[in-house]
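K.L.:
Task: produce atomic coordinates for the following.
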Amino acid sequence: MSLLSDIVGDLKVPVERDPAARGYLDVILSYPGFHAVTAHRIIHEIDKLGLPLLPRLLANIVRFATGIEIHPAAQIGKRFFIDHGMGVLIGATAIVGDDVTLYKGVTLGGTSLGQGKRHPTIGNDVVIGTNASVLGAITIGDGSRIGAGSVVVRDVPPRSTVVGIPGRIVLLDGKPIASSQTLVDMPDPQALVIQQLAERIAALEAKLAERGVPPAARAPQINPAIFDDAFPAI
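P.N.:
Next comes the predicted model:
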């Protein structure tokens with residue numbers, strides 16, 4: 001009965017969350033995310049019986065049919081929604097909470113070849129954007145939002161918004177973070193270049209100040225007439 005109620009809950013979610021959904025029959029016939037999640041719930045029950053090979057074989061067939069790969073051992077909560085879904089990957093030890101939404105290309109992957117927990121735990125009411133990667137045995141707190149294309153390899157507190165490569169918390173409880181907190185120990189080339197430019201500008205400003213050049217004279221003077229030639233009136 002629980003399995004059936006979970007499938008019914010999954011069926012209702014696209015109609016509620018996706019403006020493109022035209023009713024339950026549309027979801028049943030044309031939503032690969034719903035197909036993949038429904039199949040996974042059945043395959044997961046088979047996997048818990050300890051049957052060898054069959055769960056992986058069935059999961060591989062579902063992957064071929066939908067473009068969505070969910071390991072039979074992954075634990076999926078209620079009202080799970082995969083929108084579009086092509087390229088979604090959910091690893092064996094991943095745990096996904098209730099009311100979670102994933103968009104296409106999302107990876108819930110591992111960073112270790114060892115046994116044990118090596119995939120993320122996703123809290124309730126989490127949204128993970130297109131092509132985002134959440135890697136390792138980390139926890140994404142309830143109500144968090146992971147921006148498209150982000151890479152996250154550290155725990156994320158509840159009700160956070162994370163964007164970028166490496167992932168940075170830019171909002172916490174709906175309030176901007178003054179100094180974005182990076183979520184990964186790796187070089188950030190863009191931040192390094194910006195820092196070097198800022199240091200270079202500060203050094204040049206100091207030299208100009210030493211020579212008595214007033215601030216107004218330090219910026220290049222642009223003749224507004226050049227814009228008239230470049231962008232003539234229509």
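
K.L.:
and Ser160, backbone torsions?
P.N.:
Ser160 has phi and psi values of phi -110, psi 160 when expressed as degrees, to the nearest 10.

K.L.:
and the gap between it and Val193?
P.N.:
26 Å (Cβ to Cβ, to the nearest Å). No exception for glycine: its C-beta is placed from N, CA and C like everyone else's.

K.L.:
Compare these two and say which is more crowded by neighbours.
P.N.:
Per other Cβ atoms under 10 Å, whichever of Ser160 and Val193 has more neighbours is Ser160, with 24 against 10.

K.L.:
List the contacts of stretch 39-46.
P.N.:
3, 6-7, 10, 54-55, 58-59, 62, 66, 70, 72-76 (Cβ atoms under 8 Å, 6 or more residues apart in numbering).

K.L.:
Most neighbours among these, which one is it?
P.N.:
Going by other Cβ under 10 Å, Ile70 tops the contacts of stretch 39-46 with 28 neighbours.

K.L.:
what sits against that residue?
P.N.:
Ala36, Val37, His40, Ala59, Val62, Ile76, Val88, Ile90.

K.L.:
Could you pick out which of these are located in helices?
P.N.:
Residues of the contacts of Ile70 located in helices (DSSP state H): Ala36, Val37, His40, Ala59, Val62.

K.L.:
can you count the residues close to the second one?
P.N.:
Translated: Val37. Close neighbours of Val37, defined as other Cβ under 10 Å, add up to 28.

K.L.:
Quickly check the contacts of stretch 39-46 for the two that are furthest apart.
P.N.:
Asp10 and Leu54 (22.5 Å; Cβ to Cβ).

K.L.:
Over stretch 95-113, what's the mean pLDDT, rounded is fine.
P.N.:
What stretch 95-113 shows for mean pLDDT is 92.

K.L.:
do stretch 125-136 as well
P.N.:
94.

K.L.:
Can I get the helix or strand harbouring Ala202 in CSV, CA atoms only?
P.N.:
Secondary structure from DSSP states H and E places Ala202 in helix 189-210. What follows is helix 189-210, C-alpha atoms only, in CSV (Å, rounded to 0.1, in the frame of the first residue of the first chain):
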residue,chain,number,x,y,z
PRO,A,189,40.6,30.9,-11.2
GLN,A,190,38.0,33.6,-11.6
ALA,A,191,38.3,34.8,-8.0
LEU,A,192,42.1,34.7,-8.2
VAL,A,193,42.1,36.9,-11.4
ILE,A,194,39.6,39.4,-9.9
GLN,A,195,41.7,39.6,-6.7
GLN,A,196,44.9,40.2,-8.8
LEU,A,197,43.2,42.9,-10.8
ALA,A,198,41.9,44.6,-7.6
GLU,A,199,45.4,44.6,-6.1
ARG,A,200,46.9,46.0,-9.3
ILE,A,201,44.3,48.8,-9.5
ALA,A,202,44.9,49.7,-5.8
ALA,A,203,48.7,49.8,-6.5
LEU,A,204,48.2,52.1,-9.5
GLU,A,205,45.8,54.3,-7.6
ALA,A,206,48.4,54.7,-4.8
LYS,A,207,51.1,55.7,-7.3
LEU,A,208,48.9,58.3,-9.0
ALA,A,209,48.0,59.7,-5.6
GLU,A,210,51.7,60.0,-4.7
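
K.L.:
what's near enough to touch the nearest residue to Asp18 once chain neighbours are set aside?
P.N.:
The shortest distance from Asp18 to any non-neighbouring residue, by Cβ to Cβ, 6 or more residues apart in numbering, is to Asp83 (6.3 Å). Asp83 makes contacts with Pro14, Arg17, Asp18, Gly33, Thr101, Leu102, Tyr103, Lys104, as judged by Cβ under 8 Å, 6+ apart.
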